[in-house]
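S.K.: Got a predicted structure here, sequence first:
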Amino acid sequence: MSTAQLVELLGGARVLGRGLRNPLKLADRIEEGLPSLSLERIKAELGLSDVEISRTLGTSQKTISRLRQDPRKVLNGLISDRLYRMARLFQLAVEVLEERDAAREWLLSPKLGLNNRIPLDLMSTEAGSRAVEALLTRIEYGVLS
């Protein structure tokens, strides 16, 4: 998966600004804070409710509502990092499963390889995200999961 694909998933140059094809520049942008429009983009792409995305990002539904009301708002670094993590794992799931709908469904349903936990619920931590990524990698290479 390329940085360009992730930038596009998060809203592209129109939302994030130009010059983010370099992973380090994208890292700087995440640290500064992603625009709230990126959150709406991921929410729509994954078909998530305010409850689901707020739980994964570790913020309140009220905060999600407030961010929606002002598209110029910028997320804090922690929420931006979690949102990037969601985008990265969604893009990986799309590549492995070869369909966006299959990737959405996969991320939202319990997986035996994750002790019957839902991948989306594990994305709020780096360790959980790594477990999801490892399972997707095993699936990609045909390892019994």
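M.R.: That came through fine. Numbers count the residues shown, from 1 in each chain.
S.K.: Show me what the longest helix seen in the chain is packed up against.
M.R.: Longest helix in the chain, counting residues (DSSP state H): helix 77-97. Secondary-structure packing of helix 77-97 (3 or more CB pairs under 8 Å, 6 or more residues apart in numbering; DSSP states H and E): helix 3-9, helix 23-32, helix 36-46, helix 50-57, helix 100-107, helix 119-122, helix 126-140. Glycine gets a C-beta too; all of them are placed from N, C-alpha and C.
S.K.: residues making contact with stretch 70-86?
M.R.: Counting contacts by CB atoms under 8 Å, 6 or more residues apart in numbering, the residues outside stretch 70-86 that touch it are 6, 10, 26, 30-40, 42, 46, 56-59, 66-67, 120, 123-124, 126, 129.
S.K.: Give me the buried subset of those.
M.R.: With burial judged by 16 or more other CB atoms under 10 Å, the buried subset of the contacts of stretch 70-86 is 6, 10, 26, 30, 33-40, 42, 46, 56-57, 59, 67, 120, 123-124, 129.
S.K.: what about stretch 26-38, distance to the chain center?
M.R.: What separates the centre of stretch 26-38 from the centre of its chain is 13 Å, taken as CA atoms, centre = their mean, to the nearest Å.
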